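Engineer: sequence first, then the predicted structure, then my questions.
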Amino acid sequence: MERIQHAAFRSTFTVANLAHDSLPELDELHRVIEMGGDHVTPHSLCTVRAGARSFEVMAVTLGRDAPDVPAVAFIGGVHGLERIGAQVVLTYLASLVQRLKWDSLLHHELTRLRLVFVPLLNPGGLSLGTRANPSGVDLMRNAPIEAREDVPFLVGGQRFSSALPWYRGPLGAPMEAEGTALCQLITQELLPRPFSLVVDCHSGFGTEDRLWFPFAHTRAPIAHLAEVHALRRIFDQAQAHHPYVFEPQSHQYLTHGDLWDHLYLQSRTLQPDHVFLPLTLEMGSWMWVKKNPRQLFSRHGIFNPLITHRQNRVLRRHLSMLDFMARATASYLRWMPLGDDRELHHRQALARWYPQQPRPRRRRKAPP
């Protein structure tokens, strides 16, 4: 992963504006990087082409870069049609940069936390107005992982043609550049740490906002089910009357090639003693369509709020959730369950999310 010094990065961007077609979200990202000054570090993950145009996939990091410090990553723009996901991540990054001017508590938090932002993973797809990247590949169906159970036709990932949605890419081909770059970033920045968390922002599913956790390739529970349940518990306590449904993605559908399943399993191999919790925010875009049915006649309207005040409301709606995830990551030692408490959370999680799974028997304490 290439680290870019601030001065060099700014001069490169000035030249790049002449040669590259800009996107509003990329322009906003560069503006936020300028405002952040020495507090933020930009990284160029890779460069992708969309026809005659080329775009950099950018990451931004801030906070303490020490191996024992927990980290949280915020990802957006994986699907080019879902601009609102990129905008949510950008809005949160911009709010942090503005708070750095006056917020002493935030400065203190950043001494105990690493923050990673990739607001726009798929700039080529965004420029073309497609879910897939410029090669026609769906980045969330492209990882080298196969579903263990039946997946829905097409939606679960297909290799028939890039002209159809949810295309996985050719069998045996390496992952697309954008997905490869993200995996390298997560492997370097998050997996070596004792605790890390991801929020990947999407839209377009249902009438409720959902926070999904793995798995998507199987209905079996993940190894860190107790930790997810404990996180949901403190989220319920801190965010009274929140609109989110916490659930495994497998409750809705299974897929091949899920990027976060792949990275979670990789974390179990590389760092089995660490905790890595990838979450996917699925904003319920049918709520926007319900309020404005004319959006059905727009491909972008199915995935994004088209009315300005509604878009602003969506951006405000998720800021407190993202900020909670950052603070929960910084304070993970205070809430992460251990021992008997972890066993209790695991049993409660099975009862909540996997009622058909056999529950482990409660261990009896030895008599004194």
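Structural biologist: Alright, I've got the coordinates. Just so we're clear, the structure is a prediction, and the values are computed from it rather than from any experiment.
Engineer: go ahead and confirm residue 332 touches residue 195.
Structural biologist: Yes - the criterion here is C-beta atoms under 8 Å, and residue 332 meets it with residue 195 at 4.4 Å. In short, each C-beta sits where N, CA and C put it, glycine included.
Engineer: what do those two both touch?
Structural biologist: With contacts taken as C-beta atoms under 8 Å, 6 or more residues apart in numbering, residue 332 and residue 195 have 70, 275 as neighbours in common.
Engineer: not counting sequence-adjacent ones, nearest residue to residue 329?
Structural biologist: In space, and not counting its chain neighbours, residue 329 is closest to residue 72: 4.1 Å by C-beta to C-beta, 6 or more residues apart in numbering.
Engineer: checking the one you found next. Helix, strand or coil?
Structural biologist: Secondary structure assignment for residue 72 (DSSP: H, G, I helix; E, B strand; the rest coil): strand.
Engineer: now do residue 57
Structural biologist: strand.
Engineer: how about it, what does it touch?
Structural biologist: By C-beta under 8 Å, 6+ apart, the neighbours of residue 57 are 44, 45, 46, 47, 48, 118, 120, 121, 123, 177, 178, 181.
Engineer: roughly how far apart are the fourth one and residue 58?
Structural biologist: Residue 47 sits 10 Å away from residue 58, taking C-beta to C-beta, to the nearest Å as the criterion.
Engineer: which one's more surrounded, those two?
Structural biologist: Neighbour comparison, residue 47 and residue 58: the larger count goes to residue 58, with 23 against 15 (by other C-beta atoms under 10 Å).
Engineer: wait, the more buried one sits on residue 42?
Structural biologist: Yes - with contact defined as C-beta under 8 Å, residue 58 reaches residue 42; the gap is 6.1 Å.
Engineer: okay, strands next: where are they in the protein?
Structural biologist: 2-3, 41-50, 53-63, 71-75, 114-118, 195-203, 209-213, 244-248, 275-283 (DSSP state E).
Engineer: okay, these in CSV with distance to residue 143 and mean pLDDT next?
Structural biologist: Formatted as CSV, these follow (distance: least, C-beta to C-beta, whole Å; pLDDT from 0 to 100):
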stretch, distance to residue 143, mean pLDDT
strand 2-3, 23, 42
strand 41-50, 16, 97
strand 53-63, 17, 97
strand 71-75, 14, 98
strand 114-118, 16, 98
strand 195-203, 13, 97
strand 209-213, 16, 96
strand 244-248, 17, 97
strand 275-283, 12, 97
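Engineer: could you single out the most deeply buried of those strands?
Structural biologist: Greatest average neighbour count among these goes to strand 71-75 (a mean of 26), per mean count of other C-beta atoms under 10 Å.
Engineer: who does it touch, helix- and strand-wise?
Structural biologist: Here strand 71-75 touches helix 83-99, strand 114-118, helix 177-189, strand 195-203, helix 308-330, going by 3 or more C-beta pairs under 8 Å, 6 or more residues apart in numbering; DSSP states H and E.
Engineer: looking at the ones you listed, which is closest to residue 278?
Structural biologist: For those, the distance to residue 278 is smallest for strand 195-203, at 4.2 Å, taking C-beta to C-beta.
Engineer: please name the strands paired to that closest one in the sheet, noting orientation.
Structural biologist: Strand pairing for strand 195-203, determined by DSSP bridges: strand 71-75 (parallel), strand 275-283 (parallel).
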